[in-house]
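J.: Here is a sequence with its predicted model. Questions after.
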Amino acid sequence: MPDDVTLNPLERLSARLADDLTCVDGLIRTRMASENAPRIPEVTAHLVGAGGKRVRPLLTVAAARLCGYGGADHVKLAATVEFIHTATLLHDDVVDESAQRRGRPTANLLWDNQSSVLVGDYLFARSFQLMVETGSLRVLDILSGAAATIAEGEVLQLTAARNLATSEATYLKVVRGKTAALFEAACEVGGVVAGAPEAQVRALATYGDALGIAFQLVDDWLDYGGAGDATGKNLGDDFREGKLTLPVIRALPMADDAERIFWRDAIERGRSEDFARARAIVTAHGTLEATRREALAWRDRARDALGALPDNELRAMMADLADFVVERAS
């Protein structure tokens, strides 16, 4: 194990909860198995083995332990959260016609769209089995509600794509659906399974919601080159896919006649070859910087929410995690 000083906040929190995360990983691998359809573990193992950070299940485990939980159901809930997340990734790659995720070919490219969709469905079913095993109707309500919100967010994003009339309010609904809903639920169920007071459960939900929004805002900022060209990220994907994110939504009211024609051609008509101009416009109008500031503001809301929770080592680590999520925008 590297010295604690060499680890980033995500790695430190993961190291602190390593025993729980090992149990989560074991349960994930057990429950993604299928004797009758070998393709299911093949497809799932390809994505699970791609080295994702497992932030969402980590939040569930951290929230439960922060609130003093000493049982084992938080492991089932963390696995549930990861199954929901993995299922949505499989479906998203089909919808977006993606060819790569986490530096590897996507499952739909290696197998086919049908396999990705059906294995995603299988993981959703497995997630519901795990929820039920905890015996908590409230947990079932929270996580099933999050799954529905995620689907709504993806459909809303699909219908809002290439629509220059998309409002900031609609954009925030998309962000809450596609990203923040699962962050929020992951934290909230940790408090619920721990039997935490209602004020603490709500604080955890607020923390997760704000953390998820900050996370997505940073992604949207990075996509327009907010951190420059040295991040290794493939810049301009949102622009080329006609997605209306905050840098563009805030730049549109400031557009002159030439810029309005450019946005109409690029977004509505799909003529998205000139990413360099799009990047120059959002930079010149200050909306790229405004997106960075908005991410930092949501980071602050996440940190503030932790004030209602027990003052211990895990709370400090979760505060540091909020900083880490947006540190590339700091």
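T.: Yep, that arrived. Please read these numbers as outputs of a predicted model, since none were measured by experiment.
J.: Have a look at the chain and report its longest helix.
T.: helix 198-223 (DSSP state H).
J.: hang on, residue 130 packs against residue 31?
T.: Yes - Residue 130 lies in contact with residue 31 (C-beta atoms under 8 Å); the separation is 6.9 Å. Any C-beta I mention is one placed from the backbone N, CA and C, and that applies to glycine too.
J.: overlap in contacts of those two?
T.: 79, 83 (C-beta atoms under 8 Å, 6 or more residues apart in numbering).
J.: Quick check on those two: which one has the bigger neighbour count.
T.: residue 130 (24 against 18; other C-beta atoms under 10 Å).
J.: measure the more buried one to residue 139 for me?
T.: The gap separating residue 130 from residue 139 is 10 Å, by C-beta to C-beta, to the nearest Å.
J.: list residues touching both of these two?
T.: residue 77.
J.: pLDDT below threshold where in this protein?
T.: For the chain, the stretches flagged by pLDDT under 70 are 1-5, 47-52, 95-105, 107-111, 227-233, 329-330.
J.: mind listing the strands for it?
T.: With DSSP state E, the ranges of strands along the chain come out as 100-101, 104-105.
J.: can you tell me which residues contact residue 203?
T.: 191, 305-309.
J.: cool, and residue 207?
T.: For residue 207, the contact set (C-beta under 8 Å, 6+ apart) comprises 187, 302, 305-306, 318, 322.
J.: one more time with 7 Å, if that's ok
T.: With contacts defined as C-beta atoms under 7 Å, 6 or more residues apart in numbering, residue 207 is in contact with 187, 302, 305-306.
J.: Tell me the one of these nearest residue 169?
T.: residue 302 (20.7 Å; C-beta to C-beta).
J.: ok, that closest one touching residue 322?
T.: Yes - between residue 302 and residue 322 there is a contact at 4.3 Å, judged by C-beta atoms under 7 Å.
J.: The spatially most central residue of the chain: what's its closest spatial neighbour, skipping adjacent residues?
T.: For the chain, the residue lying nearest the average C-alpha position, counting by C-alpha atoms, centre = their mean, turns out to be residue 179 (3.9 Å). Nearest-residue entry for residue 179: residue 216, 4.2 Å, with adjacent residues in sequence omitted and distances by C-beta to C-beta, 6 or more residues apart in numbering.
J.: Tell me how many other residues surround that neighbour.
T.: So residue 216, with other C-beta under 10 Å, has 24 neighbours.
J.: Distance of it relative to residue 181?
T.: In terms of C-beta to C-beta, residue 216 sits 11 Å off from residue 181.
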